[in-house]
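> Prediction below, plus the sequence it came from.
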Amino acid sequence: LFESLPPHFTQNGLDMIGAIGLHKFIHGYDFFPSCFKRCIPYFIASVVYHLDVLHQWYPRDSPIWGAPMFGFQGTNTIAFLKS
């Protein structure tokens, strides 16, 4: 059924998002239970992986682009992680 892994970061990618701080990607991160915090890197990897599709689906003025993960350290943080 599942022939491929979901989007995920390499160890280097995990180190990069850890250095940035997961709390900067998701509002309220510090208040999430630890079991849910373990999922956040997969959620971020999925957003990074699907970034091109998100740009197709959502116009530039969509509220989604105001989410913390798209707005800190300039607008290129997610694109930088994709590289």
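Cool, the structure landed. Because the structure is predicted, anything quoted here is derived from the model rather than measured. Numbering: from 1, shown residues only.
> Can you give the contact residues for the helix or strand hosting Cys35?
According to DSSP states H and E, Cys35 maps onto helix 34-37. For helix 34-37, the surrounding residues in contact (Cβ atoms under 8 Å, 6 or more residues apart in numbering) are 22, 29. Yep, even glycine has a C-beta here, placed from its N, CA and C like the rest.
> Centre of the chain to the next helix or strand after that helix, how far?
Note on helix 34-37: by DSSP H and E, the next helix or strand toward the C-terminus is helix 40-49. Taking the mean of its C-alpha atoms, helix 40-49 sits 4 Å from the chain's own mean (Cα atoms, centre = their mean, to the nearest Å).
> Counting neighbours, which bits of the helix or strand containing Phe80 end up buried?
Per DSSP H and E: Phe80 is located in helix 77-82. Using 16 or more other Cβ atoms under 10 Å as the test for burial, helix 77-82 gives 77-78, 81.
> shouldn't Ile26 be in contact with Ile40?
Yes. Contact criterion Cβ atoms under 8 Å: Ile26 and Ile40 qualify, at 5.9 Å.
> Please enumerate the shared neighbours of the two.
Shared contacts of Ile26 and Ile40, counting by Cβ under 8 Å, 6+ apart, come down to Phe32.
> which residues sit against the one helix or strand Asp15 maps to?
Using DSSP H and E, the element containing Asp15 is helix 11-20. Residues outside helix 11-20 that contact it (Cβ under 8 Å, 6+ apart): 9, 25, 41, 44-45, 73, 77, 81.
> is it possible to export these to a markdown table including pLDDT and distance to Pro59?
What follows is the contacts of helix 11-20, written out as a markdown table (pLDDT from 0 to 100; distance: Cβ to Cβ, whole Å):
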| residue | pLDDT | distance to Pro59 |
| --- | --- | --- |
| Phe9 | 90 | 28 |
| Phe25 | 86 | 22 |
| Pro41 | 93 | 28 |
| Ile44 | 90 | 22 |
| Ala45 | 92 | 24 |
| Gln73 | 54 | 23 |
| Thr77 | 72 | 20 |
| Leu81 | 76 | 22 |
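> out of those, which are buried?
Using 16+ other Cβ under 10 Å, the buried members of these are 9, 25, 41, 44-45, 77, 81.
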